[in-house]
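Undergrad: Return atomic coordinates for the entry below.
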Amino acid sequence: MADLMARMAEIAVSRHEADVLVALGLGSCIGVALLDRASLTAGLAHVVLPESREGSAAVPGKFAAKSRLSAVLVGGAQMFATGASNSLDIGRRNEQAVRTALAVAGIPITVAVTGGSTGRTMRVHLESGIVTCKQAGSVEETIAARGVTTLRQAA
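TA: Here you go, the predicted model:
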């Protein structure tokens, strides 16, 4: 088994059954798993920011993007107290940007474990089609499986 890391602003993609796609430390970042329901193909993007500024060089995976697969979202936490201002709530803004991009692309979101104030780690196991999430200080749990269409929101 090989762990393929999707670090900040990176994308990991595989179709090898022994691979596990991993995004560590998803605080305000969003892990976007794109799953092919009919095969072992999957991708995992570690989205850092909700949008690029005009004229900036876009790094694939740094900003919310489109595809043709079903999606599982993890992350989007508010990691720092911002008081009355929501302008620094990057987690909420990242989640909204990802949801908008997926809606425009016509990609359904089957599961979302987002929000809160703690970081998470996300794993996509290609062989089984299982997606897991481990919240800081908690145990790893299965949040999605190939062909299952449920929506789950973090408390």
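Undergrad: Settle this for me: V113 is touching R120, isn't it.
TA: Yes - between V113 and R120 there is a contact under CB atoms under 8 Å: 7.0 Å. C-beta here means a position set from N, CA and C on the backbone, and glycine is covered the same way.
Undergrad: got any residues that touch both of these two?
TA: 74, 133 (CB atoms under 8 Å, 6 or more residues apart in numbering).
Undergrad: so what's I30 up against?
TA: Taking CB under 8 Å, 6+ apart as the test, what I30 contacts is 46-47, 64, 73-76, 91, 94-95, 98, 114.
Undergrad: make it 6 Å
TA: By CB atoms under 6 Å, 6 or more residues apart in numbering, the contact set of I30 is 47, 73, 75-76, 94-95, 98.
Undergrad: Only whichever of those residues are buried, select them in ChimeraX.
TA: Those of the contacts of I30 that count as buried under 16 or more other CB atoms under 10 Å are selected in ChimeraX with:
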select :47,73,75,76,94,95,98
